[in-house]
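[1] What follows is a predicted structure for the sequence shown.
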Amino acid sequence: MSYIQLIEDEIKSYRRLNVDTKIEKESYIIGAGDSYAAALVIEGKTKRKAIALDPYEALEIPLDREIIIVSVSGKTKYNIEVAKRAKKEDKKVISITANKDSPLAKESDEIILLPYSSRTPLPGTLSFLLTLSALYSMFNLEEDTEDTEGITLNDNPFFVGKEENYGIAYFASLKMNEIFGSPANYERLELFVHSPIFSTRGRQIVILSSGDERERTLSKLVNFTDVYITECKGAFCNAFFIIKSVINTMKKRNWDRIYFMEDKQILNISSTMIY
């Protein structure tokens with residue numbers, strides 16, 4: 001089966017999660033890659049009641065909030081180290097993972113198990129959506145149910161997002177890196193216009209809308225380049241938009257490949273640092 005078909009099948013199988021664990025206090029959500037993208041979404045959605053943390057940096061700050069560690073594999077080195085440190089400090093660790101037998105799960109006091117597995121290594125799509133759904137449920141947040149079609153993405157796009165959609169902008173850049181080996185930028189709405197905008201001539205700008213009128217204003221002003229603003233307001237609509245756009249782009253380019261699996265030199269470096 002082609003990678004395109006596998007990713008299409010993944011997103012078609014998405015079902016919203018409802019978890020029993022609920023978070024009422026201020027918290028840290030700790031994770032890397034897609035997990036950090038999901039944490040950024042929750043940081044924006046909760047107005048920073050939850051704070052997204054890089055696990056390596058989390059080793060050096062006071063763990064003075066509730067601790068949620070996110071890792072689909074449950075094997076990444078510094079997530080495990082944070083969990084061990086938290087246990088030594090008598091802090092409760094809640095982990096979100098798809099691997100109940102992972103080293104992270106074994107260091108956790110409570111496990112939110114994601115119903116995800118794949119025989120073929122894939123860039124995170126369904127796993128990201130399920131992680132996000134679990135976090136939304138934990139924080140008593142309502143998932144948006146809007147829907148929109150994807151577009152074709154150019155090389156080196158720039159993704160712009162406000163609040164929870166900043167996390168989706170980061171997620172979008174990760175998919176461009178992993179699937180196409182392509183550079184991509186991501187930025188918050190206000191910060192984008194202060195400096196990054198000067199690097200956008202000749203590049204595609206994708207604004208992940210939250211319904212803010214200022215986003216519409218920006219989309220009209222940047223008529224010197226290829227710009228697109230989504231018809232979404234929420235993170236789930238924008239996440240599905242990005243995944244659909246990636247699929248469209250793979251089809252348009254006849255790209256039935258996942259770049260990160262092919263560049264063995266970089267993959268080995270990445271794996272050495274992560275695990």
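    Yes, it's here. Numbers count the residues shown, from 1 in each chain.
[2] what about the residue positioned nearest the centre of the chain, which helix or strand?
    With distances taken as Cα atoms, centre = their mean, the residue of the chain nearest its centroid is residue 37 (3.1 Å). Per DSSP states H and E, residue 37 falls inside helix 34-45.
[3] And the contacts of that helix?
    29-31, 50-54, 70-72, 96, 124, 127-128, 131-132, 135-136, 139, 141, 162-168, 170-171, 174, 235 (Cβ atoms under 8 Å, 6 or more residues apart in numbering). Using the backbone N, CA and C atoms, a C-beta is placed for each residue, glycine as well.
[4] On the three-state scheme, residue 108 is what?
    Under DSSP: H, G, I helix; E, B strand; the rest coil, residue 108 falls in the coil class.
[5] Roughly how far does the nearest residue to it once chain neighbours are set aside sit from residue 71?
    Leaving aside its chain neighbours, residue 108 sits nearest to residue 95 (3.9 Å; criterion: Cβ to Cβ, 6 or more residues apart in numbering). Distance from residue 95 to residue 71, counting by Cβ to Cβ, to the nearest Å: 7 Å.
[6] Backbone dihedrals for the residue nearest to residue 108, please?
    phi -120, psi 140 (degrees, to the nearest 10).
[7] didn't it look like it was pressed against residue 72?
    No: at 10.7 Å, residue 95 and residue 72 do not qualify as touching, with contact defined as Cβ atoms under 8 Å.
[8] Tell me who's in contact with the nearest residue to residue 211 once chain neighbours are set aside.
    What sits nearest to residue 211 in space, not counting adjacent residues and going by Cβ to Cβ, 6+ apart, is residue 233, at 4.2 Å. Taking Cβ under 8 Å, 6+ apart as the criterion, residue 233 is in contact with 144, 146, 209, 210, 211.
[9] In TSV: those residues, plus distance to residue 118 and pLDDT.
    Shown next, in TSV, are the contacts of residue 233 (distance: Cβ to Cβ, whole Å; pLDDT from 0 to 100):
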residue	distance to residue 118	pLDDT
144	26	97
146	27	95
209	31	98
210	31	97
211	34	96
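[10] three-state assignment of residue 170?
    Residue 170 ends up helix, using three-state DSSP.
[11] Give me the mean pLDDT for the host helix or strand of residue 271.
    Per DSSP H and E, residue 271 falls inside helix 264-274. In this model, helix 264-274 has a mean pLDDT of 97.
[12] Can you point out the buried residues in it?
    Within helix 264-274, no residue is scored as buried using 16 or more other Cβ atoms under 10 Å.
[13] can you check stretch 209-223 too?
    Going by 16+ other Cβ under 10 Å, stretch 209-223 has these buried residues: 209, 210, 215, 218, 219, 222.
[14] Would you mind listing the two of those residues that lie farthest apart?
    Farthest pair in the buried residues of stretch 209-223 (Cβ to Cβ) is 210 and 222. Separation: 17.3 Å.
[15] Which helix or strand lies directly C-terminal to the helix or strand hosting residue 69?
    Take DSSP H and E as the rule and residue 69 turns out to sit in strand 66-70. The helix or strand immediately downstream of strand 66-70 is helix 77-88, counting by DSSP H and E.
[16] on contacts alone, who are the packing partners of that following helix?
    Under the contact criterion of 3 or more Cβ pairs under 8 Å, 6 or more residues apart in numbering; DSSP states H and E, helix 77-88 touches helix 55-58, strand 66-70, strand 93-97, helix 103-106.
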